[in-house]
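J.: sequence and predicted structure, then a few things I'm wondering about:
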Amino acid sequence: AAAAAAAATMKIWTSEHIFNHPWETVFKAAMQKYPNPMNPCVVGVDVLDRHVDDQGKLHSQRLLSTEWGIPSIVKSLIGATRTRTYVQEHSVVDPMERTMELRSANITLTNLVSVDERLEYKPHPQDPEKTILTQEAIISVKGVSLSSYMEGMMENSISANANKGREAMEWVIRKLNAEIEELAASARSIKIPMAASSVE
């Protein structure tokens, strides 16, 4: 066990991003992020559990099915034939504090690599019309030849996916805003006959 622990290497990736949208808009987009054209690797999302606790916090447990684009050289090194992986995600939305914390971890290929990710969305302290996303990922590669190469590849993948994820959030927000505008336009175009005109 000690030898296995010594063979594991770890890398930490962190990032911060500011959305020019209020927290309520961003958290709704985060809940409806998949599917989207920016993250085609996420091929399925299953809600395993969703409940509100005694303090009014919304807890969601989801299973994400993803297709990793693993280079063939890496597949041969690690002996992997499948590219479908599963990620377990747990999020907590606190509407009173206006925070959303999301934690995720892969549950397949854990004997080779573990990616534990944490995202937090909260209102910008100086501007309530903006939202801060803080993101952190801990990458652990276990007992694989070229582990530094694997770490670098995973870090680049997480960084690229984070950028795609932010683009996806903007896409979902635009989509939600367009749907709201379309509903408002439909409501305005409906002609309701006035009661007075029917009484003659």
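T.: Perfect, I can see it now.

J.: so residue 110: helix, strand or coil?
T.: Of the three states, residue 110 takes coil according to DSSP: H, G, I helix; E, B strand; the rest coil.

J.: per-residue confidence at it?
T.: pLDDT, residue 110: 82.

J.: same question for residue 4.
T.: At residue 4, pLDDT is 43.

J.: with residue 114 instead?
T.: The predicted local confidence for residue 114 is 86.

J.: contacting residues around it?
T.: 105, 106, 138, 139, 140, 142 (CB atoms under 8 Å, 6 or more residues apart in numbering). Every residue, glycine included, has its C-beta placed from N, CA and C.

J.: ranking these by neighbours, who comes first?
T.: residue 139 (22 neighbours; other CB atoms under 10 Å).

J.: bridged to it, which residues?
T.: residue 11, residue 115 (DSSP bridges).

J.: related to what we said a few turns ago, which one of the contacts of residue 114 is nearest to residue 162?
T.: residue 139 (13.0 Å; CB to CB).

J.: ok, the closest one touching residue 117?
T.: No: if you go by CB atoms under 8 Å, residue 139 and residue 117 don't touch, sitting 9.4 Å apart.

J.: which residues are in contact with both of these two?
T.: residue 158.

J.: determine the longest helix present in the protein.
T.: Criterion DSSP state H: the longest helix present in the chain is helix 147-189.

J.: so who does residue 155 touch?
T.: Neighbour list for residue 155: 11, 13, 139 [criterion: CB under 8 Å, 6+ apart].

J.: switch the cut-off to 10 Å
T.: 11, 12, 13, 115, 137, 139 (CB atoms under 10 Å, 6 or more residues apart in numbering).
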